[in-house]
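K.L.:
Just a sequence and a predicted model for now, questions to come.
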Amino acid sequence: MGSDESYNFVFKVVLIGESGVGKSNLLSRFTKNEFSHDSRTTIGVEFSTRTVQMDNFTIKAQIWDTAGLERYRAITSAYYRGAVGALLVYDISKHLTYESAERWLKELYDHADPHIVVMLVGNKSDLEPSRTVPTDEARDFAEKKGLMFMETSALDSTNVEAAFNEVLSEIHRKVASKEVTRGSISAVTLSSPIRPSGDTQEERKGCCSRS
């Protein structure tokens, strides 16, 4: 989607959280405007892109959907490297998925850039009658940890665009303001426009090298 367009920045964003919280459907809703009622558990890592316009810049988001199951943890943590944004997702109807947020956050910070932009996302807001995680509790946790916060529903599209766009906007703000310099976000994103020559290996390496 948009792979043949020119773009100014490539931002690598990861989706993290427990299995079954709806990460894959958030990805497919944002990149393809699709939702699957019987989506399978992600094995390892899945990947998709979307190009968006923001403040006269064209930003290509490379979004990596990581498996939430414990047995894939060693594989998926390698994909955190080079990420400049993350959506830490839990299910508002399953408190256990929220309780693990702190552990996911620690794992992310152990492997990703220290200045990564992180949003805590309470997904499945369409399950309001079954809610077990109060909005205020999650918002307070996010504020305490310095995270952005939003509740979404991949099923009915509520706040999905807003969540991804706010993360991308905050990454871009940090890059544009040079708030973060050497060895951080501006070093792992592409600071100059890319020629509209498609996705060459060299272009991908500029932002999202796994080394």
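P.N.:
Now that the structure is in, tell me what you want to look at.
K.L.:
isn't residue 14 right next to residue 79, touching?
P.N.:
Yes - taking Cβ atoms under 8 Å as the definition, residue 14 is a contact partner of residue 79 at 6.4 Å. In this view, the C-beta of every residue, glycine as well, is placed from N, C-alpha and C.
K.L.:
who touches both of those two?
P.N.:
64, 66 (Cβ atoms under 8 Å, 6 or more residues apart in numbering).
K.L.:
Those two: who's more crowded?
P.N.:
residue 14 (27 against 21; other Cβ atoms under 10 Å).
K.L.:
does that one count as helix, strand or coil?
P.N.:
Put simply, residue 14 is strand when judged by DSSP: H, G, I helix; E, B strand; the rest coil.
K.L.:
Now the longest helix along the chain: average pLDDT?
P.N.:
The residue-count maximum for a helix in the chain (DSSP state H) belongs to helix 160-176. Mean pLDDT, helix 160-176: 94.
K.L.:
tell me what that helix is packed against?
P.N.:
strand 9-16, helix 23-32, strand 45-54, strand 57-66, strand 85-91, strand 117-123, strand 148-151, helix 185-188 (3 or more Cβ pairs under 8 Å, 6 or more residues apart in numbering; DSSP states H and E).
K.L.:
Can you list the buried residues in it?
P.N.:
For helix 160-176, the neighbour count (16 or more other Cβ atoms under 10 Å) marks 160, 163, 164, 165, 166, 167, 168, 170, 171, 172, 174, 175 as buried.
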